[in-house]
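Chemist: next one to model:
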Amino acid sequence: MDRGDRIDRSGRMDPGQPSDVEPITSPRRRREQSEQVHANLLALLDDLEAIIERGGRIPFSARVMVDRDVYLDAMDALRMALPEAVTHAERIVRERDRIVAQAEAEAERVMSLAREQAAFLVSERQLLRTAELQSEAILNTAREEAKEIVSSAQKYASDLMAQLESDTMRVLNEVRRAATQAR
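Modeler: Next up is the predicted model:
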């Protein structure tokens, strides 16, 4: 948020602010949205710090007087931004679930295809033994691919959650530090 943007008492920013409603479709898009939420929170913290820096100093003390309404507006904006981060985390969890479901569906499709191929090969009398060996190999390959897909999706989702947790904790610590300094 630019220094010139105003925050009303409800904590809403001007309507020109981009919405974070569209679904997440790629790791790049998720990273961009995470960076956007992080940047928004940092900008709000910068605004809070600027309010304190602009406040009038009380002689012979480290205390500062700030405009109560301006300070409360900044705090409201922070409160509004934190639920965005939580919503973003929930979206990542849903995306992880979707990826796992897709991986399982793909594994089932591969298994179904393997079964069809195996059935076709078995129906051929002169290739019966070869068909049995090939069908087992196809099923084993499909199982391994399914395990890899599910494992990869779970690791990816776990990494995303760990990164989000780290970012959220860092922002929370920054908010607490700013609130402590504001007092």
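
Chemist: so L41 belongs to a helix, correct?
Modeler: Yes - counting by DSSP: H, G, I helix; E, B strand; the rest coil, L41 is part of a helix.

Chemist: for it, give me its contacts.
Modeler: Contacts of L41 were listed using CB atoms under 8 Å, 6 or more residues apart in numbering, and they are L78, A81, L82, A85, V171, E174, V175. For the C-beta atoms, the positions are set from N, CA and C on the backbone; glycine is no exception.

Chemist: please redo it, this time with the cut-off set to 6 Å
Modeler: By CB atoms under 6 Å, 6 or more residues apart in numbering, L41 lies in contact with A81, V171.

Chemist: now the helices for this structure?
Modeler: Here the chain has its helices, by DSSP state H, at 27-54, 68-123, 128-182.

Chemist: roughly how far does E104 sit from L78?
Modeler: As judged by CB to CB, to the nearest Å, E104 and L78 stand 40 Å apart.

Chemist: how about the CA coordinates for stretch 136-152, as CSV?
Modeler: Extracted in CSV, the C-alpha atoms of stretch 136-152 (Å, rounded to 0.1, in the frame of the first residue of the first chain):
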residue,chain,number,x,y,z
GLU,A,136,1.9,-57.6,-14.1
ALA,A,137,4.6,-55.3,-15.2
ILE,A,138,2.1,-52.7,-16.2
LEU,A,139,0.3,-52.9,-12.9
ASN,A,140,3.5,-52.6,-11.0
THR,A,141,4.5,-49.6,-13.0
ALA,A,142,1.1,-48.1,-12.5
ARG,A,143,1.3,-48.7,-8.7
GLU,A,144,4.8,-47.1,-8.6
GLU,A,145,3.7,-44.1,-10.7
ALA,A,146,0.6,-43.7,-8.5
LYS,A,147,2.8,-43.8,-5.3
GLU,A,148,5.2,-41.3,-6.8
ILE,A,149,2.4,-38.9,-7.9
VAL,A,150,0.7,-39.1,-4.5
SER,A,151,4.0,-38.8,-2.6
SER,A,152,5.1,-35.8,-4.8
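
Chemist: gap between that stretch and the chain center?
Modeler: Per CA atoms, centre = their mean, to the nearest Å, the displacement of stretch 136-152 from the mean C-alpha position of its chain is 28 Å.

Chemist: in it, what's buried?
Modeler: Residues I138, L139, A142, E145, A146, I149, V150 are the ones in stretch 136-152 that count as buried (16 or more other CB atoms under 10 Å).

Chemist: those into TSV, with extra columns for distance to V70 and pLDDT?
Modeler: Converted to TSV, the buried residues of stretch 136-152 look like this (distance: CB to CB, whole Å; pLDDT from 0 to 100):
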residue	distance to V70	pLDDT
I138	68	90
L139	67	91
A142	62	90
E145	58	90
A146	57	88
I149	52	88
V150	51	89
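
Chemist: count the residues that sit near R96.
Modeler: 18 (other CB atoms under 10 Å).
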